[in-house]
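[1] Need coordinates for the following:
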Amino acid sequence: MQQIQVVDVFRPRTYCKARSVAEAAKLLLEHENSVVIAGGTDLLVEKNVSTSALVDITKLNLDCVKAEEKFVRIGACTTFRHLEQNAILARQPYSSLVEAARTIGSVSIRNEATVGGNVCNAVPSADSPPPLLCLDAKIEIASQSERRILDLQDFFVHVRKTALKKGEFVTEFQIPRPPRRTGTSFIKLGRSAHDIAVVNAATRVTLGEDMEIEDVRMVLGAVAPVPLRARKAEVKLKSGGIDAITEAASISAEETRPISDVRASAEYRRAMSAVLMKRALMVAIERSRVM
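    Down below sits the predicted model:
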């Protein structure tokens, strides 16, 4: 007798559209194996068979970019197309976010994919975390009873693992206003225009009154389990100044922990980390001079 193999399929039993942040958190607590859905561009590709309930947060007014006195706030449901076309982010020192947004898939994908989903998916190759980390972004997390704020660097735990607890979801990102003479940049290396990153690099450089490097952020993606802030390289660049760009970029590559996969070998990723970081630093420094 021929045996029929039963294959598990992605078939959530429950779909809920939340009307408030508190209701969304309540629904996430009530339903076992529930997940948040907004754009769904990752969720509907991965189709995790354990997902039993979808909590839709698209009606919570979280698709926004707001400039305030101390922060620029970006809602978790803001699409990459919105980021790409936003006038506030088009200016330095925020334009690295626009540069990252433009590299994410096709226009049709960017019309649906959200910055919150890209961050919460917590894959090493995600393109929005490096520029957000360079901008010292904070992340607001809501539960049924409270909201808490974390530094974004503390949000990532490991590949596909974050600091989110049961019943919590991300509502917004808060970017503090950087000092004057601050420039940023983002560069991505992929196998094609719409492919995920083999390596990506984001930088932020602040120049002092004497036009020497006062502060710097250097972040690499797709070369470690979580977005990698190259702290040793930052120290080198701050102490050595502009003449130390090449050496600092090489040090950043030494800090990486890449893997080999179908897209690239670990050795190639490490070599390209130095190349991309040097280019990104040069662009950020040039932009900071005209701020």
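[2] Summarise which helices and strands the helix ranked longest in the chain is packed against.
    Among all segments of the chain classified by DSSP state H, the helix with the greatest residue count is helix 266-289. If you count contacts as 3 or more Cβ pairs under 8 Å, 6 or more residues apart in numbering; DSSP states H and E, helix 266-289 packs onto strand 182-190, strand 197-207, strand 213-221, helix 245-254. In short, each C-beta sits where N, CA and C put it, glycine included.
[3] and the longest one, what does it pack onto?
    This points to strand 197-207. Counting contacts by 3+ Cβ pairs under 8 Å, 6+ apart, strand 197-207 is packed against helix 95-102, helix 129-134, strand 182-190, strand 213-221, helix 266-289.
[4] care to break this structure down by domain?
    According to automatic domain parsing, the chain comprises the domains 14-56, 65-176, 182-289.
[5] Is it possible to get JSON lines of these that adds distance to Asp8 and mean neighbour count?
    What follows is these, written out as JSON lines (distance: least, Cβ to Cβ, whole Å; neighbours: other Cβ atoms under 10 Å):
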{"stretch": "domain 14-56", "distance to Asp8": "4", "mean neighbour count": "17"}
{"stretch": "domain 65-176", "distance to Asp8": "19", "mean neighbour count": "19"}
{"stretch": "domain 182-289", "distance to Asp8": "25", "mean neighbour count": "20"}
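[6] Can you add mean pLDDT and give the ones you listed back as TSV?
    Below are the domains of the chain laid out as TSV (pLDDT from 0 to 100):
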stretch	mean pLDDT
domain 14-56	95
domain 65-176	97
domain 182-289	96
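[7] and Ser125, what element?
    Under DSSP states H and E, no helix or strand contains Ser125.
[8] nearest to Ala244, of the helices and strands packed on strand 197-207?
    Of all those, it is strand 213-221 that lies closest to Ala244, at 8.8 Å by Cβ to Cβ.
[9] Which neighbouring elements make contact with the helix or strand just after that closest one?
    Counting by DSSP H and E, the next helix or strand C-terminal to strand 213-221 is strand 228-229. Contacts defined by 3+ Cβ pairs under 8 Å, 6+ apart place strand 228-229 against strand 213-221.
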